[in-house]
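Asker: just coords:
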């Protein structure tokens, strides 16, 4: 059955408060559904989810943004009266470069402009008040240089904004700051409109994470656990190629908060784990993870695998189904034909590979072995995975196959093949995201995982 979760829109934008954005969000969701049908086909096994309506609702604020005064006036109002809204807005300028003449002039101009908007607050047209200020803040939070922390404090890194917005920098350096606020907000919306083209920073794991090591198949593997006292089947997180467990930094606390025991492991050779001279394969990594579960005395897990983590998950589902309660893969192929040859030419992937190299040198117990590690992963990717249709048809573990609408590597037709071949498989596509959805829209990715854990066994 095809399920389209329009109710998420109403939950995020109550119709009695935001009637126009609410209607626009529903229309946006309908348009996204049609686009996905065109990409994936109108097949019965597809479940399209507008996770927490964030993509649909933010479309309303991005594609038809309110007048610029609304956004800035809202920030000013929230900064001066946080108690009424339960939010506080703070400006944290970077230490380096924050006081250069151009940055200082732009900052002063924005502050004077914001103060002026306060003066006309009382005379603002009623229609300006119909928009969700919290939604506007979420929109700004998608932009480079702006973030919202767990206390809902809006942090603005002016230097980073300028690095990503050269036109604004040119205006400031020329001393023409009269229109700088307009340019800044317009550029914010332009960046937020295409989140799949961004690679946000790698998050950190929760504070006080106590990583441990266990030796399996000759490799010293790093792992960590959270919520070990929580009941139920543990959730095992497997990261993608060249990555490490930090990429689940947004997901881990959400899972723990929702009562799950979480286990994350750095695959052999990745992150903080060592490796042997044995060629890296998905089958060997699957054996590693079975050994880890044995060491932890964990009989069965719900597996969440991103990219290579999902490829390894397919091996576990085929060869060790007794260790899995269910499996969620994101951006994972089952054979090399499902992977694009131009994956490593995409600008986002190029940025990711450069970041992965730096992270390897910072985290790895063998920081000088990048070249040999890179060669080992590249060799694996050239021939693996190669699961046959017969093997996939034999999978009896509940499988959710998920991906971003604009995945740089996985072919849409391969997703259709997987969901048609694996018995009772379910397909979830996250709109306007790519292979790196957990970074581009953590809320959407986390919601997809929670939906999988709560409803599908």
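Answerer: Good, I have the coordinates. Just so you know, these numbers come straight off a predicted model, no measurement behind them. Residues are numbered from 1 along each chain as shown.

Asker: Helices along the stretch 151-300 of the chain, start to end?
Answerer: Here the stretch 151-300 of the chain has its helices, by DSSP state H, counting those that start in this stretch, at 158-164, 166-173, 180-192, 251-257, 282-296.

Asker: should've said the stretch 301-450 of the chain
Answerer: 308-319, 347-363, 370-383, 389-393, 412-421, 437-440, 442-455.

Asker: avg pLDDT for the longest one?
Answerer: Okay, so that is helix 347-363. What helix 347-363 shows for mean pLDDT is 94.

Asker: OK, contacts around residue 350?
Answerer: For residue 350, the contacting residues are residue 344, taking C-beta atoms under 8 Å, 6 or more residues apart in numbering as the criterion. From N, CA and C alone the C-beta is placed, and that goes for glycine too.

Asker: Renumber starting at 869 from here on
Answerer: Done: numbering now begins at 869, and the last item shifts to residue 1218.

Asker: Check the gap between it and residue 1145 for me.
Answerer: Counting by C-beta to C-beta, to the nearest Å, the gap between residue 1218 and residue 1145 amounts to 29 Å.

Asker: show me where pLDDT drops low in the stretch 969-1118 of the chain?
Answerer: Within the stretch 969-1118 of the chain, the set of residues satisfying pLDDT under 70 comprises 969-1061.

Asker: Report the spatially closest residue to residue 1116, excluding sequence-adjacent ones.
Answerer: Sequence neighbours aside, residue 1105 is the residue nearest to residue 1116 in space, at 4.8 Å (criterion: C-beta to C-beta, 6 or more residues apart in numbering).

Asker: likewise residue 1275?
Answerer: Take residue 1275 and drop its neighbours on the chain: the residue closest to it by C-beta to C-beta, 6+ apart is residue 1303, 4.8 Å away.

Asker: Can you give me the distance of residue 1205 to residue 1296?
Answerer: With distances taken as C-beta to C-beta, residue 1205 is found 22 Å from residue 1296.

Asker: Also residue 1119?
Answerer: The gap separating residue 1119 from residue 1296 is 15 Å, by C-beta to C-beta.

Asker: Repeat that for residue 1071.
Answerer: Plainly put, residue 1071 is 22 Å away from residue 1296 if you go by C-beta to C-beta.

Asker: More neighbours: which of these two?
Answerer: When neighbours are counted by other C-beta atoms under 10 Å, residue 1071 and residue 1296 differ, and residue 1296 comes out ahead with 20 against 17.

Asker: so who does the residue nearest to residue 1275 touch?
Answerer: Taking C-beta under 8 Å, 6+ apart, one finds 1108, 1175, 1199, 1216-1217, 1271-1272, 1275-1278 in contact with residue 1303.

Asker: And residue 1090, by the same measure?
Answerer: Contacts for residue 1090 were tallied using C-beta under 8 Å, 6+ apart; they are 1079-1081, 1113, 1133-1134, 1139-1141.

Asker: Quick check: closest non-adjacent residue to it.
Answerer: Residue 1090 sits nearest to residue 1140 (C-beta to C-beta, 6+ apart), 3.7 Å away.

Asker: Next, the contact list for that neighbour, please.
Answerer: 1079, 1090, 1112, 1134, 1231-1233.

Asker: Which ones among those residues map onto strands?
Answerer: Secondary structure of those is defined by DSSP state E; positions in strands are residue 1090.

Asker: now the contacts of residue 1140 in TSV, with distance to residue 1192?
Answerer: What follows is the contacts of residue 1140, written out as TSV (distance: C-beta to C-beta, whole Å):
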residue	distance to residue 1192
1079	24
1090	22
1112	23
1134	20
1231	28
1232	29
1233	29
